[in-house]
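Asks: quick one, fold the following:
(one chain, ligands or ions: 3)
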Amino acid sequence: MKVFSGQQIYQADKITAENQNITSDILMERAAEQIFNWLHHRLQGAKVGIHLFCGIGNNGGDGIALARMLLENDYQIFVYIVNYSEKRSKDFLLNLGRLKDRKVWPTYLDEKSELPNIHPQDIIIDGIFGIGLNRNPDNWVVNLIKHLNSIPAFTLSIDIPSGLFLEKVPDNPDGVIRAEHVLTFQFPKLVFFLPETGIFLQNWEVLDIGLDQNFVKGEAAPYEFIGKFEVLPMYRPRLKFSHKGNFGHVLSVGGSYGKIGALILASKASLESGAGLVTAYAPECGYIPIQVALPEAMVLTNGTNEIEKIVHSLQIASVTVGMGMGTKEATANGFKEFLKANKVPIVLDADALNILAEQPSLLNLLPALSVLTPHPGELKRLLGKWKDDFEKLEKAKEFASKYDLILVLKGAHTITIYNNLGYINSTGNPGMATAGSGDVLAGIISGLIAQGYSNLQASIFGVFLHGLAGDIAVMNHGYEALSATKLIDNIGKAFKELFRRPEEQKGD
Ligand SMILES: NC(=O)C1=CN([C@@H]2O[C@H](COP(=O)(O)OP(=O)(O)OC[C@H]3O[C@@H](n4cnc5c(N)ncnc54)[C@H](O)[C@@H]3O)[C@@H](O)[C@H]2O)[C@@H](O)CC1
Ligand SMILES: Nc1ncnc2c1ncn2[C@@H]1O[C@H](COP(=O)(O)OP(=O)(O)O)[C@@H](O)[C@H]1O
Ligand SMILES: [K+]
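Replies: Numbers count the residues shown, from 1 in each chain. Ligands and ions are numbered 1, 2, ... in the order given. The predicted structure is shown next:
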């Protein structure tokens, strides 16, 4: 699903109105109708108080049109106009007129008004600001929003929680509605996925308001939201006469005294995601633990071997480097020698990233489209500090373009950056915030590259599978007990889940 910028959304509106030969209020009517259907389906006429807070722009217009539809279906409505400006939009005024025609007189709120009384069991509809917010709300509007946030009533935001900007982090968190649910039009918004702005909403859903499909298909979006239907076409089926040589040989490089586990996790994840062969390359102390924990893997220790020679002689298809590796001088030197000679695709995690941060000149040695999988701490070491999540994304894009790399920015919604575009992952859960889950991700991505997935597809698909394995694991084990090993154990089920038909869901 495409995630467009504000400018592109307004453009989509305009082009839709032209191509479908409709006035803009028809789009507003569609938007309100969709929200009405959503609510009506759930409320079934229940006599609950519905308090609609409507601004004076088109977001408020949506709210006013919704109020009319609720009224016509005998719902108990309370309509408030949050009168923060005299510049009312045309379609807001049109819908206000339609409401007044039905003898509904909204309560006008301004800085002198008393704060409205709302029962905790009532419903709040937030149509104060939409995507048109372009400056901080006035103090009295902030006070109103604070008041609404203090009431434990179910809060439904229209399009976006009021007070959230599309392209910047709000200065004052008190001036943003905390929404239980957001019904957003046609495209998810980038702010839903960033740690500094995603905290203002719990759930979101897209409503289709019939925007011009040719525009939607033809227009390149800066971000894409990656769900099952985006990754399914990437899947590479296994052919009947294939053999392990067809699925590539992964070399996992890492581990150090006390941190051999990280290497085992990554190596196992490569195998479970389908790599034909895995060789783990570890310090001497890793030999026995790896052989015991992972009989499917071959083990080489660095007493006698140089990585580049191994890559060459074993015809390695993908190298995973860094998990538990440490950053000692000898390790960093070995890593540098390897990078100088290496030509095969490479996935860099953990200490490989820390060495790169300490010696940025090594970045120039990475093959094009190398995959870097930093968590926020590692990212900061690579990029330096950022002002907010938006600057972080811009810096990440610049960095990825400068070195022609794929940057996998790990988090609740992992975002894969390449060529100025971002791919936002939809799977995963907070149970995955646990030791070793990043090692598993690096192993999965490398395992997919070895099988012939392009580095970018392996990153996007790997992140999706990793999160899906976490979502399946959490159903059986809960959040707290979700360990990295359980993630690996569910990679197979994650693959199967991709191909499950909807009718199989009930019986599970
Ligand atoms: N394609 C779509 O996504 C559609 C969007 N519609 C609605 O239209 C909304 C956008 O409408 P608008 O562009 O009118 O914008 P809003 O309703 O978000 O904005 C409010 C208006 O107030 C002004 N304003 C912004 N910040 C302010 C502040 N801090 N204090 C005082 N005034 C401020 C703005 O200039 C804007 O005109 C969307 O969020 C959505 O709800 C629907 O009506 C139809 C289709
Ligand atoms: N709250 C969360 N929701 C979804 N996924 C998460 C969450 N927290 C962490 N993850 C995922 O878990 C992994 C953690 O990686 P990392 O911090 O490198 O772990 P480690 O270093 O212990 O291996 C990442 O893939 C990240 O996206
Ligand atoms: K809103």
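
Asks: so what's the residue in the stretch 151-300 of the chain that ligand 2 sits nearest to closest to, chain neighbours aside?
Replies: The nearest approach of the stretch 151-300 of the chain to ligand 2 comes at Ala262, 7.0 Å away (CB to the nearest ligand atom). (Each C-beta comes from the backbone N, C-alpha and C, glycine too.) Once flanking residues are discounted, Ala262 sits nearest to Gly324: 3.1 Å by CB to CB, 6 or more residues apart in numbering.

Asks: so where's the stretch 251-400 of the chain shaky on pLDDT?
Replies: 303-305 (pLDDT under 70).

Asks: strands along that one, start to end?
Replies: 277-282, 298-301, 318-321, 346-348, 371-372 (DSSP state E, counting those that start in this stretch).

Asks: on that earlier part again, test my guess that the residue nearest to Ala262 contacts Asp351.
Replies: Yes: at 7.2 Å, Gly324 counts as touching Asp351 under the criterion of CB atoms under 8 Å.

Asks: between these two, which contacts overlap?
Replies: Contact criterion CB atoms under 8 Å, 6 or more residues apart in numbering; residues shared by Gly324 and Asp351: Gly254.

Asks: quick check: next helix or strand after the host helix or strand of Gly97?
Replies: Using DSSP states H and E, Gly97 sits in helix 90-101. Where DSSP H and E defines the elements, the next helix or strand beyond helix 90-101 is strand 107-109.

Asks: direction included, what does the following helix or strand past that next one pair against?
Replies: Note on strand 107-109: by DSSP H and E, the next helix or strand toward the C-terminus is strand 123-127. Here strand 123-127 is paired, per DSSP bridges, with strand 49-54 (parallel), strand 154-158 (parallel).

Asks: buried sites along the helix or strand just after the first one?
Replies: This points to strand 49-54. Sequence-wise, the next helix or strand downstream of strand 49-54 (DSSP H and E) is helix 58-72. Residues of helix 58-72 classed as buried: 58-71 (neighbour count, 16 or more other CB atoms under 10 Å).

Asks: on that earlier part again, next up, the contacts around the residue of the stretch 151-300 of the chain closest to ligand 2.
Replies: Per CB under 8 Å, 6+ apart, neighbours of Ala262: 254-255, 323-324, 350, 436, 439.

Asks: and if you look at Val253?
Replies: Going by CB under 8 Å, 6+ apart, Val253 touches 263, 281, 307, 319-322, 325, 338.

Asks: change it to 10 Å
Replies: Val253 makes contacts with 263, 266-267, 279-282, 300, 302, 307, 310-311, 319-323, 325, 331, 334-335, 338, 346, 348, 352, as judged by CB atoms under 10 Å, 6 or more residues apart in numbering.

Asks: same thing with Glu272?
Replies: Applying CB under 10 Å, 6+ apart, we find Glu272 in contact with 278, 296, 440, 443-444, 447, 469, 487-492, 494-495.

Asks: got the phi/psi numbers for Lys47?
Replies: phi -90, psi 60 (degrees, to the nearest 10).

Asks: nearest spatial neighbour of it, chain-adjacent residues omitted?
Replies: That would be Gln76: by CB to CB, 6+ apart, it lies 5.8 Å from Lys47.

Asks: next, find the distance separating Glu480 from ligand 2.
Replies: For Glu480, the distance to ligand 2 equals 13 Å [CB to the nearest ligand atom, to the nearest Å].

Asks: and Lys87, by the same measure?
Replies: Going from Lys87 to ligand 2 by CB to the nearest ligand atom gives 41 Å.

Asks: go ahead and confirm that residue touches Gly57.
Replies: Yes: Lys87 is within contact range of Gly57, at 8.3 Å (criterion: CB atoms under 10 Å).

Asks: so which of those two has more stuff around it?
Replies: The neighbour count for Lys87 versus Gly57, taken as other CB atoms under 10 Å, is higher for Gly57 (22 against 8).

Asks: I'd say the more buried one and Ile128 touch.
Replies: Yes: at 9.2 Å, Gly57 and Ile128 qualify as touching, with contact defined as CB under 10 Å.

Asks: and the chain, what are its domains?
Replies: Domain segmentation of the chain under automatic domain parsing yields 2-221, 246-499.

Asks: just tell me which of those domains ends up closest to Pro237.
Replies: Closest approach to Pro237 among those (CB to CB): domain 246-499, 10.0 Å.

Asks: and that closest one, how far apart are its ends?
Replies: Domain 246-499 has an end-to-end distance of 22 Å (CA to CA, to the nearest Å).

Asks: quick one: contacts for Val311?
Replies: Val311 neighbours (CB under 10 Å, 6+ apart): 249, 251, 253, 279, 281, 317-319, 338, 341-344, 346.

Asks: just the buried subset of those, written out for PyMOL, thanks.
Replies: Buried residues within those, by 16+ other CB under 10 Å, are selected in PyMOL with:
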select buried, resi 249+251+253+279+281+317+318+319+338+342+344+346
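
Asks: please list the residues of the protein that sit near ligand 2.
Replies: Taking CB under 6 Å from any ligand atom as the contact definition, the chain meets ligand 2 at 375, 410-412, 414, 428-430, 432-433, 435-439, 441, 466.

Asks: out of these, which are close to ligand 1?
Replies: Residues of the residues of the chain next to ligand 2 in contact with ligand 1 (CB under 6 Å from any ligand atom): none.

Asks: give me the buried subset of the residues you listed.
Replies: Among those, those buried by neighbour count (16+ other CB under 10 Å) are 375, 410-412, 414, 428, 432, 436-439, 441, 466.

Asks: out of those, who's nearest ligand 1?
Replies: The closest of these to ligand 1 turns out to be Ala412 (CB to the nearest ligand atom; 24.2 Å).

Asks: ok, that closest one touching Gly428?
Replies: Yes: in this structure, Ala412 is within contact of Gly428 by CB under 10 Å, at 6.8 Å.

Asks: shared neighbours of these two, anything?
Replies: In terms of CB under 10 Å, 6+ apart, Ala412 and Gly428 are both contacted by the residues Gly467.

Asks: quick one: neighbours of the residue of the stretch 201-350 of the chain found nearest ligand 3, just the number.
Replies: In the stretch 201-350 of the chain, the residue that lies nearest ligand 3 is Leu201 (10.5 Å; CB to the ion). For Leu201, the neighbour count with other CB under 10 Å is 23.

Asks: residue of this protein closest to ligand 3, please.
Replies: Closest residue of the chain to ligand 3, CB to the ion: Ser162 (4.1 Å).

Asks: show me what contacts that residue?
Replies: Ser162 touches 53, 55, 59-60, 82, 126-130, 133, 137, 141, 144-145, 148, 175-177, 179, 200, counting by CB under 10 Å, 6+ apart.

Asks: if you set the cut-off to 8 Å instead, what comes out?
Replies: 53, 55, 59, 126-130, 133, 137, 145, 176-177 are the contacts of Ser162 under CB under 8 Å, 6+ apart.

Asks: now Ile460: closest residue in space, sequence neighbours ignored.
Replies: Using CB to CB, 6+ apart and skipping the chain neighbours, the partner closest in space to Ile460 is Tyr423 (4.9 Å).

Asks: you'd agree the one you found is in a strand?
Replies: Yes: under DSSP: H, G, I helix; E, B strand; the rest coil, Tyr423 sits within a strand.

Asks: what's across from it in the sheet?
Replies: Legend: beta-bridge partners of Tyr423 under DSSP bridges are Glu224, Thr416.

Asks: can you flag which of the residues of the chain next to ligand 2 belong to helices?
Replies: Taking DSSP state H, the ones among these that sit in helices are 437-439, 441, 466.

Asks: give me the distance between the residue of the chain positioned farthest from its centre and Arg68.
Replies: Most distant residue from the mean C-alpha position of the chain: Lys103, 44.6 Å away (CA atoms, centre = their mean). Noted for Lys103: a distance of 11 Å to Arg68, by CB to CB, to the nearest Å.
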